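S.K.: The sequence isn't on hand, but the structure is:
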DNA sequence: ATCCAGAAACCGGACGGTTGGTATCTTTTA
DNA sequence: TAAAAGATACCAACCGTCCGGTTTCTGGAT
């Protein structure tokens, strides 16, 4: 070993891949998609550009991976929420609402922000979301097929978007809205 | 005049400015915000970079101008729609719905696409939209203040977003939804 | 148990191209 | 003729990508 020229790093490919994906999402919602450069992502993940390119053959592949990962997380979160819901009618829609407008603090800086940004900006990534929703909806047609629930879901998207846009007093405004939307999922 | 080196162009500053704004919006929804470069906008508008920089001192100024212009157009369109609506209750919300989900063909490739893209991608531009909505809403609090109308507007946003994402069969799916939303604006 | 290849993981500099921006010049308009 | 409108040339910085090199891991053969 040549003194001073060596470098050492534990090889944890999965962890690095995770770090890269997380860094990409974080950079996206902090500085916009324009801030997601190979160099920036690599730096934020504690890896060099070369290391990044070992995991993702191109930037497009990185963004694709990011979107797929975020959709997977959303999938899991919704599944978890659905598991704790005894009422069959509108389970998916309720989980959807609670996932997007969660807790007292809304998911502004959350994963979904990076997702919506990616698909809005990059035309190539647009169908991903719609496809995900349609597949998910096909699975829950029996419990979540009514027109009212469709409106509830779309309203959730709009409300989330409004909050993510950084509207002042959005938390206070959206809290009662969420309750109204949830109440609507039990109707009919 | 040196032979072959001369150039001639009618000087129409306002027309050029319009062309630049339009070109920026068109490039945005065609190739994403990443496709909106100074050079590309200038080329598309039939002007050189120098010409562009005469009208907009920076790229940020160009994007700000684009967003402001798009919001202005939206303002005008909604005003026009409201003028032809005899029913006071929910006028603004109806105009909002009709503007976003207009005609038989939805406004996918429309101005709003560039708008949502710009504000989603660039964190700096995010407050513009929310501010616009809040100001507009303050003007129509008397006629459009009810919670139901709020849900209708948010659902409109979500539905538009869904359509803009390029979902298959969105037109067929969203047409009845629009009618339902419009019907809701007359309730109560 | 140990060794030793070979593969996988990671480094980091170099490259050609593009970016936003500036400075200077020419043409048109008022 | 002064100022606006636009053209042209140029720059430093950054971009995504590539590639040769270095380190660590893995699993047979011994």
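M.R.: Yes, it's here. Quantities reported herein were computed from a predicted structural model and do not represent experimental measurements.
S.K.: For residue A:185, grab phi and psi.
M.R.: Here is the backbone geometry of residue A:185 (degrees, to the nearest 10): phi -70, psi -10.
S.K.: pretty sure residue A:59 contacts residue A:38?
M.R.: Yes. The pair residue A:59 / residue A:38 is scored as a contact, 6.0 Å apart, by C-beta atoms under 8 Å. Every residue, glycine included, has its C-beta placed from N, CA and C.
S.K.: Now do the worst-scoring helix or strand of chain A on mean pLDDT: which elements does it pack against?
M.R.: Taking mean pLDDT, DSSP states H and E as the measure, the helices and strands of chain A show their lowest mean at helix A:111-121, namely a mean of 84. Identification of packing neighbours for helix A:111-121 by 3 or more C-beta pairs under 8 Å, 6 or more residues apart in numbering or on different chains; DSSP states H and E yields helix A:13-31, helix A:59-83, helix A:126-139, helix A:147-164, helix B:111-121.
S.K.: any idea how far residue A:120 is from the residue nearest the centre of chain A?
M.R.: Centroid-nearest residue in chain A: residue A:112, 3.1 Å away (criterion: C-alpha atoms, centre = their mean). Per C-beta to C-beta, to the nearest Å, residue A:112 is found 12 Å from residue A:120.
S.K.: Enumerate every residue touching the residue in chain A that DNA strand C sits nearest to.
M.R.: Nearest to DNA strand C in chain A, going by C-beta to the nearest atom of the strand, is residue A:50, at a distance of 1.9 Å. Going by C-beta atoms under 8 Å, 6 or more residues apart in numbering or on different chains, residue A:50 touches no other residue.
S.K.: What does the pLDDT read for it?
M.R.: For residue A:50, the model assigns a pLDDT of 93.
S.K.: re earlier: how far does the least confident helix or strand of chain A sit from its chain's centre?
M.R.: Computed by C-alpha atoms, centre = their mean, to the nearest Å, the chain-centroid distance of helix A:111-121 equals 7 Å.
S.K.: Ok, stretch A:180-188 next?
M.R.: The chain centroid and the centroid of stretch A:180-188 are separated by 24 Å, computed with C-alpha atoms, centre = their mean.
S.K.: do stretch A:74-93 as well
M.R.: Relative to its chain's centre, stretch A:74-93 lies at 17 Å (C-alpha atoms, centre = their mean).
S.K.: List the buried residues for it?
M.R.: Neighbour-count burial for stretch A:74-93, counted by 16 or more other C-beta atoms under 10 Å in any protein chain shown, picks out A:74, A:77, A:78, A:81, A:82, A:90, A:91, A:92, A:93.
S.K.: and residue A:184, how many neighbours?
M.R.: Around residue A:184 there are 19 other residues, counting by other C-beta atoms under 10 Å in any protein chain shown.
S.K.: just for chain A, where's the confidence low?
M.R.: By pLDDT under 70, the low-scoring segments of chain A are A:1-9, A:103-109.
S.K.: Show me what from it comes close to DNA strand C.
M.R.: Applying C-beta under 7 Å from any atom of the strand, one finds that chain A approaches DNA strand C through A:7, A:9, A:11-13, A:16, A:46-51, A:53-55.
S.K.: rewinding a little: columns distance to residue A:176 on top of the helices and strands packed on helix A:111-121, output as CSV?
M.R.: As requested, these are arranged in CSV below (distance: least, C-beta to C-beta, whole Å):
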stretch, distance to residue A:176
helix A:13-31, 26
helix A:59-83, 21
helix A:126-139, 26
helix A:147-164, 11
helix B:111-121, 25
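S.K.: which stretch among those comes nearest residue B:29?
M.R.: With C-beta to C-beta as the criterion, residue B:29 lies closest to helix B:111-121 of the helices and strands packed on helix A:111-121, at 4.3 Å.
S.K.: got the angle for that closest one vs helix B:13-31?
M.R.: Computed by axes from the mean of the first three to the mean of the last three C-alpha atoms, to 10 degrees, the angle separating helix B:111-121 from helix B:13-31 equals 70 degrees.
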